[in-house]
Every structure is written in structure tokens, then in C-alpha cells.
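return atomic coordinates for the entry below.
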Amino acid sequence: MEEYVCYTVQKRFKINSAMHHVKLFFRAIFSWRETQEPKFEATGLDFNNVGFIKPMVLLGSVFLLGCMGNPNMEYQIEANYAAVSPIIDGNLDDGVWGLAKPIVLNENRTGTTVTDPQLMTNVKACYDNDNLYLAFSCKDPDIWTSYTQRDEHLWTEEAVEVFIDVDEEPENYVEIEVSPANILFDSYIVDPQNIDVAATARLNLPGIRTAVIVHGTLNKRDDIDDSWTVELAIPFIDLKTARTEQITTDTEIRINFYRLDKNEGMKRGAYSWSPTGASFHKPSVFGRLILK
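Now for the predicted structure:
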């Protein structure tokens with residue numbers, strides 16, 4: 001059995017089915033248009049009653065449309081224009097952050113809400129003429145990291161992450177991670193199924209700026225911390241590609257936000273905005289960022 005995740009504009013749902021049954025189902029639905037005598041023997045169904053089939057066709061069409069094209073219309077965030085750009089210092093007291101609507105990260109595998117107040121995460125976005133700005137706020141009782149150098153494997157410990165795709169090539173996107181010690185990992189993914197970490201990490205975004213504030217004691221594992229906040233300024237010029245030479249309010253930006261959390265005595269946490277189910281590298285479920 002394989003699991004198919006399909007999306008409508010307002011609600012996400014799952015259906016379990018064998019792949020050949022799904023294919024036969026839709027082949028039969030669309031054959032009705034020609035013959036009005038669909039057969040479903042392969043699935044154990046044989047409905048020739050047109051009165052029954054019409055609603056089945058409608059339901060099947062809605063199902064198929066939900067699986068076609070961009071599957072994640074429900075995940076959309078608007079970034080307001082910042083007349084006064086935020087100062088990248090890790091403090092989220094800039095006026096623009098007070099106006100930005102936070103999005104909440106949920107359990108990545110299930111999409112369920114994180115209810116533990118010690119673990120909640122939210123993200124905000126804004127932009128100006130030159131940069132995309134992001135702000136992460138992470139509740140965390142045990143803030144730590146052992147990494148000290150750029151492009152070390154931050155994802156094995158604690159980090160926030162953002163994946164950004166601006167060129168409508170879903171296999172190619174920028175990955176950015178920041179640790180609680182303000183260590184940066186940046187890379188350019190060209191094959192999410194077979195990632196050559198060393199090769200992709202050769203990308204160094206020249207203009208990116210990051211800052212972190214820890215509300216607690218970094219790397220003191222025997223006390224209880226409160227939270228850490230991250231600010232990022234990502235120049236649009238660093239995100240441009242051969243297909244997207246300039247990023248404007250008309251650019252379709254696909255994006256997803258993540259957090260990895262590894263606290264002493266607790267189950268490792270993996271949180272996301274648009275859940276990927278397993279590996280974060282699933283561009284088909286990235287959401288949309290609208291430059292408002």
C-alpha cells in the first residue's frame with residue numbers, strides 16, 4: 001500500500017489505496033464521458049447506473065484536481081513591505097515585526113499542532129527593495145549546539161531552516177540553516193532525492209546576514225532555558241537564477257520553514273510550516289510567499 005497526500009484549497013486529506021486501483025478508478029471515470037458505461041471490475045466495483053456515476057465523476061474530478069498542479073494552496077504567507085527595514089540583531093522589537101502575522105510550525109510528520117508551550121515556534125516575514133527578512137521565535141528549554149564553523153551539519157542538532165525556490169524549477173532551491181550560536185549553513189539543492197552535501201554546500205550566499213539572541217544559557221545542559229530568536233536578511237540578488245534574474249512582487253516564491261530541536265531527556269523534534277511527512281526535502285509541498 002502507498003499513501004497519497006492530496007490537497008484542496010481549504011483542507012488537506014489522505015487516502016490509502018494501491019496505485020493500480022487509483023489509476024483504474026480515474027481511467028474509468030474519464031471513460032464515462034465517452035461511453036457512460038464505466039467498469040470498475042479491478043476494484044471490485046461494477047456501477048453502470050448513470051445516476052450513481054454522475055456524483056462519482058464529480059467527486060473523482062475534485063479529487064484529481066486536488067492532486068494536480070500546485071498541491072499546497074492552503075500554505076500561503078504574505079510578507080509586508082518594510083518602509084523601515086528591521087535591524088538584524090536578533091531582537092524582534094522592530095516595528096515591522098509587530099505588524100507581521102506569525103505562522104506557526106507544527107509536527108512535521110503528522111501536521112498536528114505543537115501543544116507544549118516549551119516547544120512552540122513561529123516565523124514572520126517582510127521585505128524591502130533589496131532583501132527578504134525572516135524572524136524565527138523558538139521556545140526551547142535546552143538551547144545548545146556543538147558547531148562553530150559555517151556549513152557544518154547543523155541539522156543533526158538544533159537549527160532553524162528555510163528552503164526558497166524562485167525559478168519554478170522544483171528540484172532546485174536554496175537551503176539556509178541557522179544554529180543557536182548563529183552558525184550558518186547555506187547550500188543550493190539540485191537533486192533533493194540524492195543530495196551531495198559537500199557539493200551543494202559550496203554555495204555561500206555573499207550578502208546574507210543573520211543574528212541570534214538566546215534567552216537562557218547556551219550549551220549549559222543542566223538548566224532550563226526559555227527561547228531563542230533568529231533574524232535573517234536574505235538579499236534578493238543572492239536568490240536570483242538564470243530563469244529568474246529579478247525578484248519582484250510578481251515572482252512566484254515557493255518556500256518552507258522548519259525547526260530541528262533536540263532537548264535533553266525529550267524526544268527529538270522536527271517541525272515545519274507545510275508538513276513533508278519525512279525528509280524536509282520535498283519541494284512538491286512547499287508553500288507560497290507573497291510579496292504584498
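
drop to CA atoms for contacts and neighbour counts, all remaining ones
Fine.

any regions of the chain where pLDDT drops low?
Flagging of the chain using pLDDT under 70 yields the residue ranges 1-73.

centre-most residue in it?
Central residue of the chain (C-alpha atoms, centre = their mean): residue 256, 2.3 Å from the mean position.

how much space separates that one from residue 75?
According to C-alpha to C-alpha, to the nearest Å, residue 256 and residue 75 sit 9 Å apart.

between those two, which contacts overlap?
Taking C-alpha atoms under 8 Å, 6 or more residues apart in numbering as the contact rule, residue 256 and residue 75 both touch 273, 274, 286, 287.

coming back round to it: right, and the residue nearest to the centre of the chain touches residue 281 too?
No: using C-alpha atoms under 8 Å, residue 256 is not in contact with residue 281, being 9.7 Å away.

intersection of neighbour lists for those two?
Shared contacts of residue 256 and residue 281 (C-alpha under 8 Å, 6+ apart): none.

give me phi/psi at the closest residue to residue 94 other than its chain neighbours?
Spatial nearest neighbour of residue 94, excluding adjacent residues (C-alpha to C-alpha, 6 or more residues apart in numbering): residue 86 at 5.6 Å. Dihedral pair for residue 86: phi -70, psi 150, per degrees, to the nearest 10.

residue 86: neighbour count?
24 (other C-alpha atoms under 10 Å).

please apply the same query to residue 207.
Using other C-alpha under 10 Å, residue 207 has 12 other residues around it.

got the domain boundaries for the protein?
2-67, 76-291 (automatic domain parsing).

tell me which of those is the most buried.
Comparing the domains of the chain by mean neighbour count (mean count of other C-alpha atoms under 10 Å), domain 76-291 ranks first with a mean of 19.

end-to-end on that domain?
11 Å.

surely residue 221 meets residue 145?
No: contact criterion C-alpha under 8 Å: residue 221 and residue 145 do not qualify, at 10.3 Å.

my guess is residue 208 meets residue 237, correct?
No: with contacts counted by C-alpha under 8 Å, residue 208 stays clear of residue 237, the gap being 10.2 Å.

find the residue closest to residue 211 in space, skipping its chain neighbours.
Nearest to residue 211 is residue 90, by C-alpha to C-alpha, 6+ apart, at 4.7 Å.

from residue 184, how far out is the one you found?
14 Å.

what ranges do the helices span in this structure?
Counting by DSSP state H, one finds helices in the chain at the ranges 19-35, 50-67, 95-99, 197-200, 236-239.

name the residues that touch the third one?
Residues lying outside helix 95-99 but in contact with it, judged by C-alpha under 8 Å, 6+ apart, are 82, 84, 85, 86, 124, 125, 126, 135.

among these, which one lies nearest to residue 247?
When the contacts of helix 95-99 are ranked by distance to residue 247 (C-alpha to C-alpha), residue 126 comes first, at 14.1 Å.

hey, what's the residue nearest to the closest one when sequence neighbours are not counted bridged with?
In space, and not counting its chain neighbours, residue 126 is closest to residue 79: 4.3 Å by C-alpha to C-alpha, 6+ apart. With DSSP bridges as the criterion, residue 79 is bridged to residue 291.

so what's residue 79 up against?
Applying C-alpha under 8 Å, 6+ apart, the residues contacting residue 79 are 100, 124, 125, 126, 127, 289, 290, 291, 292.
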